[in-house]
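Enquirer: heads up, no residue letters with this:
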C-alpha cells in the first residue's frame with residue numbers, strides 16, 4: 001500500500017487493484033482538464049474535475065469549498081473505487097490539483113491513496129482516448145485521516161498556530177493578485193510556495209530537503225493557499241518529510257477576504 005507518493009516503478013509493486021484519477025485542471029480554463037482527458041489519459045483513468053467533483057460550488061466558503069464528505073465518498077464509488085483499491089492521482093501541473101484529490105481521499109478515510117510522482121510526464125507508456133464507464137465500487141466513508149480548520153478557529157488562535165501559505169511570493173506579498181479581489185496574506189503566515197517542493201523534473205525533493213524547508217513551521221501547522229487546493233501539496237510535502245501532518249484551511253485566502261473585518265497583511 002502507498003499512502004502518500006508513488007512512482008511509476010512503485011506501481012509494479014502494488015498488490016491490490018489500482019485506480020487512476022486524472023486531475024488535470026486550469027484555474028483560467030474550466031474545460032481544460034476534460035479536454036485533455038478526452039485527448040489522452042492513462043488507461044483506465046477517470047477524470048476528476050476540480051470544479052464539478054473535487055469542490056462544492058463557490059460562495060462564502062471560497063472559490064473551491066470542500067464538498068460534503070458523504071457526497072465525495074459516493075463520487076469515489078461512482079468512479080469505480082473500492083475500499084481495497086490503491087488510488088493514484090495525477091495531473092500535468094506538478095501535483096497542484098492531484099494533491100487535492102489525494103487529500104480528499106484521505107479526508108474520506110481511504111489510506112491507500114497516493115500522488116503519482118512526476119505526474120503525467122512520468123508515465124512511460126502510451127495514453128488512450130478510450131473512455132469506459134466504470135462499474136460502481138464499494139468505496140465507503142470511514143473515519144477521516146486528516147484534519148481541517150475553519151476561518152473562525154484561525155481568527156481565535158492566530159497567535160497559537162503556524163500558518164503556511166502555498167501561493168507564490170508575489171501574491172503572498174500583495175504585489176500581484178490575478179485571481180482574488182484582495183491582495184496580501186493572513187497576518188503571521190509563512191510563505192512556502194508549493195512549486196518549491198519539487199525538483200527540476202517535477203518530482204518531490206527527498207525527505208531530508210523537505211524537512212529542512214518546513215522544519216521551523218511545526219507548531220500547530222495549518223496549510224492554506226488561494227482556495228484550499230494547492231495547500232494540499234504542502235500537506236503532502238510535510239508528510240513526506242516525516243513531520244506532523246498539518247491541518248488544511250479549506251476556504252483559504254478566497255474565503256478569508258469575504259469578511260472585511262478579518263485582518264489582512266501586508
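Expert: Sure thing, it's come through. Bear in mind the structure is a predicted one, so any value in this text is a computation, not a measurement.
Enquirer: From here on, just use CA atoms for contacts and neighbour counts.
Expert: Fine.
Enquirer: Quick check: residue 173 touching residue 266?
Expert: Yes: between residue 173 and residue 266 there is a contact under C-alpha atoms under 8 Å: 6.7 Å.
Enquirer: Neighbour count: those two, which is higher?
Expert: When residue 173 is set against residue 266 and neighbours are counted by other C-alpha atoms under 10 Å, the residue ahead is residue 173, at 16 against 13.
Enquirer: The more buried one and residue 194: what is the separation?
Expert: Residue 173 is 16 Å from residue 194, where distance means C-alpha to C-alpha, to the nearest Å.
Enquirer: Overlap of the contact sets of residue 173 and residue 266?
Expert: Common neighbours of residue 173 and residue 266 (criterion: C-alpha atoms under 8 Å, 6 or more residues apart in numbering): 184, 185.
Enquirer: where along the stretch 1-150 of the chain do the helices fall?
Expert: 8-11, 32-39, 69-78, 98-107 (DSSP state H, counting those that start in this stretch).
Enquirer: Let's see the pLDDT reported for the nearest residue to residue 182 once chain neighbours are set aside.
Expert: Of all residues not flanking residue 182 in the chain, residue 257 sits nearest, at 6.8 Å (C-alpha to C-alpha, 6 or more residues apart in numbering). Reported pLDDT at residue 257 in the predicted model: 98.
Enquirer: just residue 52 next, same as before
Expert: 97.
Enquirer: ok, it - how many residues close by?
Expert: 12.
Enquirer: What's the separation between it and residue 63?
Expert: In terms of C-alpha to C-alpha, residue 52 sits 12 Å off from residue 63.
Enquirer: And the residue nearest to residue 182, how far from residue 186?
Expert: 9 Å.
Enquirer: Spell out which residues are contacts of both of those two.
Expert: With C-alpha under 8 Å, 6+ apart as the test, residue 257 and residue 186 both reach residue 264.
Enquirer: helix or strand for the residue nearest to residue 228 when sequence neighbours are not counted, which one?
Expert: Residue nearest to residue 228 in three dimensions, not counting chain neighbours: residue 250, with 4.4 Å by C-alpha to C-alpha, 6+ apart. Assigned by DSSP states H and E, residue 250 falls within no helix or strand.
Enquirer: In a strand, residue 222, correct?
Expert: Yes: assigned with DSSP: H, G, I helix; E, B strand; the rest coil, residue 222 falls within a strand.
Enquirer: which residues touch it?
Expert: Contacts of residue 222 by C-alpha under 8 Å, 6+ apart are 149, 161, 162, 163, 164, 246, 247, 248, 249.
Enquirer: Buried ones among those?
Expert: 161, 162, 163, 164, 246, 247, 248, 249 (16 or more other C-alpha atoms under 10 Å).
Enquirer: okay, the last one: pLDDT?
Expert: At residue 249 the predicted local distance difference test score is 98.
Enquirer: Equivalent analysis for the third one, please.
Expert: As predicted, residue 163 sits at a pLDDT of 98.
Enquirer: Much appreciated, bye for now.
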